[in-house]
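1. Turn this into a model:
(chains A and B)
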Amino acid sequence: MSEAYDVVVIGSGPGGYVAAIRCAQLGLKTACIERAELGGICLNWGCIPTKALLKTAEVLEHAHRAKEFGILVDNVRVDFPAVIKRSRDISEKISKGVGFLFKKNKIDSIAGTAKLLPRAGAWKPHQIEVVKDNAKQVVETKHVILATGARARSLPGITIDGERIIEYRKAMTLPSQPKSLVVLGAGAIGVEFASFYRSLGVEVTIVEFLPRLVPNEDAEVSKELARAFDKRGIKALVGHKVTSADKTGTGVKIAIEPANGGDKQTLEADILLVAVGVQANTENLGLEAHGIQLDRGFIKTDAENKCGDGLWAIGDVIGRGLAHVASAEGVFVAEKIANVHAEPVRYDAIPACTYCYPEIASVGLTEDKAKAQNIPIKVGRFPFRALARATASGEPNGFIKVVWHGETGALVGAHLIGPAVTDLIAELTLAKTTEVNAESLIYTIHAHPTFAEAIKGASEEAVGHAIDL
Amino acid sequence: MAQILGLPKLSPTMEEGVLVRWTKKEGDKVSPGDLIAEVETDKANMDFNIEDEGVLLKFLVQAGETVKLGAPVAIIGKAGEDTSALEAQAKSGGAAPAAKAEPKQEAKPAPKAEAKPAAKPEPKAEAKPAPKAEPKPAPKAASGNGAPGKLLASPLAKSMAIELGIDLRTVTGTGPGGRIVERDVKAAADGGAAKQPEADEEPTQPTEVKAETAIAVRAPRREDHDGDFEDVATSNMRKRIAQRLTEASRDIPQFYLMRSLDVAPLLGFRERLNTLLGDKGKVSVNDLVIKAVALALRRVPECNASWEGDAIRRYHRVHIGVAVAIEDGLVTPVVRDADQKGIGSIAAEVRDLADRAKKRQLKGPEITGSTFTVSNLGMFGIERFTAILNPPEAGILAIGGTLDVPVVQNGQVVAGKRMTVTMTCDHRVIDGALGAKWLAAFAELLEHPESLAL
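-> Numbering: from 1, shown residues only, chains lettered A, B, ... in the order given. Next up is the predicted model:
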């Protein structure tokens, strides 16, 4: 039995490692338990390695378009194993960075699988059993932060075999480049892989149950993405469901039919990528002994992320689904535990970014949702086509759409598709979080020529005096 | 070209002013900003600074004259210009052009109508509304959230404050670093709005029910730097109490009748009742008083009445209001048809009403419609006191504590129990003799408590 901690974090993803560091900064004796690589899915199997792959896709697109910019490039080819290796190397490097940060902040990094033991009483510390290979140890702590994340889920009738029918983890480590790919699910993960493999020249078909691509985004963004994907030769079968997926000798046969009924058809591809969402990692954590409740598989917490006495949960395991939300919750919980001022997480101002080509970013309510809530709105749009910088960069597609409150001038939502938008969303998230109104944004001088000028342009259009449209 | 100069608005509320004196003479050359006269407004003596350039050709009013807002006071123009036509126009009541002058002594009133709604920025060519959105804290006033003169508020909070007419200096920020954010302005607006309808409310009904939702209205907080005093914001309930009691005290001719009662039999009767009731409840002296008041009103129904201006309204039912002290105020729940109810049920009802009053859970009908009120401070050691009427009722009875006093009985001084009650009467409804008659009936009942059970 080792000495007692103030806080033990289970999981070292963007929720867990950030929570651990913030706890340590606030003077709490902290440990973090990780059963796999430091950094969790985000650094190792999610955000970061996929961004590495998508950069490859971008470089390749530029190579193909080089002539348009006056550069002559011959014999452009893809070294697929090298592409995968680059992505893996980057993850490994950043994962090491987390280990370095733990050391720097004097956080004990414990490798192994954690399980909460039952507690004799509220006056006793929590005990966590950590198993690594055949060794077992028990750590004691006043507080436990559960940050165990989530993993891909499948649909009934579709068995992920990791060879022909795969999930995202395998999709970023395929041994060779497939000729054809069917992606099931048109959320962020689905469209990013579709975009990546299409750039490499793979035949890509997306099947989505809901009637549009990126169904969580604004309807106009979905429409623009559908247009762009169509141009790039990505087939999109929206409003379709998969009824069965069977391996054949050389690939996979996928039976689909319209969600509302209609003629069945069969797709054939080398690979079927299932990207229909995630399920929380809650198994074998010992939650039952502490009366921790699940809600549709995710840990249920109160508004302060508490799920029991001295027990807290953050991130994907409670169903948030975005790395930066997990990090924000990690900071919030650490500050709650340390009993310093903890600014509540602004769930109404969470940016969401999708790194397909063209990129998508959004914050706040879509136009349709704002209307459904009877919020009076003023909507403004600015197409990149009208922006000098975009034209100069050869990126004239996409737009910025802003939804301002019609009476108060507060930012209700913003929906961006096109070049640089995953960075541009920061300005609009700041506007929403700090209550910058349309007027203040319009009087903020935006450097020329930049992509960010489109934000100002769209806002001017919303209030009725666009200069550049 | 010569023009008529009108009297400018020198204070936000002025409708006319007295021209105290001219500080320039006819023929003087003036330029914008020059002081030309002093004007007494409803607020104070204000400087009349001119915004035009030219020569004061003719004064149209003399010192001491009262002038309506905008009315002609002088003619300004180039030296030697003929003013006869304009003088005639001024005499015939010709409209003066919009007077341009800035009150210089007083801080500029908060921009209201002229402030552009921030949500609708006008085309760029027009005046920029942004600077106006900046509230200008008075230089010396301590700001609500931080250093004097520095106001941390989001742009949205600022524009909403202007639209809603809220002084941001009175708002406490709850955002990061104490910044005033949208929810703070909304909260302030809700607090302010809550008092709005109350002013127009029918004043004949006790409305302490508002206490349920009593939102502390954020009054301007003047925090003295030396800590000599602090201003505690008034709740809606307190405002209401202030308003109603001020009205009652000011508008109703009231007089007081006092009487000491022998309550030894009452105390004995109460003890017997409580023995009888056992653990089914307790009866207090106040419960017996309520019953006695109700029965006395049956015996002298002229006192169960109210002044209605052209009539005196006699109530056919007897509803007794019972003043209950609660945190930061009082409410007056009503025991309906108290004359018809048994002492036990009055006791139970009063206890329930008082409990819920303290939790601010009473509903409107439970605190309205009383025809006579009882206020008891006996339990606080008060011997006797006078109560202010609870309009529209014509009477209220103030109950003092029970005292051990020497009394003369059969020529002997013996120990006795006395309680002093004071009846406040609305003289428009109850004359002295009538009040005395009622008090005698009340004394008769209370001193022979068995009659309360009949």
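
2. Just list what the strand ranked longest in chain A packs against, helices and strands only.
-> Ranked by residue count under DSSP state E, the longest strand found in chain A is strand A:135-146. Applying 3 or more C-beta pairs under 8 Å, 6 or more residues apart in numbering or on different chains; DSSP states H and E, we find strand A:135-146 packed against strand A:4-10, helix A:16-25, strand A:30-34, strand A:126-132, strand A:311-313, helix A:323-338. Glycine gets a C-beta too; all of them are placed from N, C-alpha and C.

3. mean confidence score for the last one?
-> The one in question is helix A:323-338. Taken as a whole, helix A:323-338 has a mean pLDDT of 97.

4. coming back round to it: so which of the helices and strands packed on strand A:135-146 gets nearest A:T148?
-> Each of those has some distance to A:T148 by C-beta to C-beta; the shortest is strand A:4-10, at 5.7 Å.

5. List the contacts of that closest one.
-> The set of residues that contact strand A:4-10 without belonging to it, under C-beta atoms under 8 Å, 6 or more residues apart in numbering or on different chains, is A:16-17, A:19-20, A:23, A:28-33, A:108, A:114, A:125-126, A:128, A:139-148, A:285, A:334, A:337.

6. Just the buried subset of those residues, please.
-> Burial by neighbour count, judged by 16 or more other C-beta atoms under 10 Å in any protein chain shown, picks out A:16-17, A:19-20, A:23, A:28-33, A:108, A:114, A:125-126, A:128, A:139-141, A:143-148, A:285, A:334, A:337 from those.

7. Tell me, please, the helix or strand in the chain that averages the lowest pLDDT.
-> You didn't pick a chain, so chain A it is. helix A:438-442 (a mean of 91; mean pLDDT, DSSP states H and E).

8. Actually, chain B is the one I wanted.
-> Lowest mean among helices/strands of chain B [mean pLDDT, DSSP H and E]: helix B:130-133, a mean of 39.

9. Distance check, A:L72 against chain B.
-> Taking C-beta to the nearest C-beta, to the nearest Å as the measure, A:L72 falls 46 Å from chain B.

10. That residue: neighbouring residues, count only.
-> Neighbourhood size, A:L72 [other C-beta atoms under 10 Å in any protein chain shown]: 6.

11. right, and the secondary structure at the closest residue to it other than its chain neighbours would be what?
-> When the adjacent residues along the chain are set aside, A:L72 lies closest to A:A66, with 6.9 Å between them (C-beta to C-beta, 6 or more residues apart in numbering or on different chains). Under the three-state scheme (DSSP: H, G, I helix; E, B strand; the rest coil), A:A66 adopts helix.

12. number of nearby residues for B:A88?
-> When neighbours are defined as other C-beta under 10 Å, B:A88 has 10 of them.

13. That one belongs to a helix?
-> Yes. For B:A88, which was evaluated using three-state DSSP, the result is membership in a helix.

14. OK, contacts around A:Q127?
-> With C-beta under 8 Å, 6+ apart as the criterion, the residues that contact A:Q127 are A:116-117, A:119, A:138-140.

15. which one in chain B is furthest away from the centre?
-> The C-alpha centroid of chain B is most remote from B:G80, which lies 57.8 Å away (C-alpha atoms, centre = their mean).

16. Which pLDDT value goes with residue 367?
-> Just going to use chain A. We note a pLDDT of 97 for A:E367 in this prediction.

17. wait, I meant chain B there
-> Looking at B:I367, its pLDDT reads 87.

18. I'd guessed it sits against B:T332; true?
-> Yes. The pair B:I367 / B:T332 is scored as a contact, 6.0 Å apart, by C-beta atoms under 8 Å.

19. right, and the helix or strand after the least confident helix or strand of chain B?
-> Per DSSP states H and E, the first helix or strand lying C-terminal to helix B:130-133 is helix B:155-164.

20. Flag every buried residue along that next one.
-> Applying a neighbour-count criterion of 16+ other C-beta under 10 Å, the buried positions in helix B:155-164 are B:155-163.

21. Quick one: mean pLDDT for that helix?
-> The predicted model assigns helix B:155-164 a mean pLDDT of 87.

22. now the helices for the stretch 201-350 of chain A?
-> A:219-232, A:323-338 (DSSP state H, counting those that start in this stretch).

23. helices or strands up against the shortest one?
-> The contact analysis (3+ C-beta pairs under 8 Å, 6+ apart) places helix A:219-232 against helix A:188-199, strand A:235-238, strand A:360-364, helix A:367-372, strand A:399-405, strand A:411-417.
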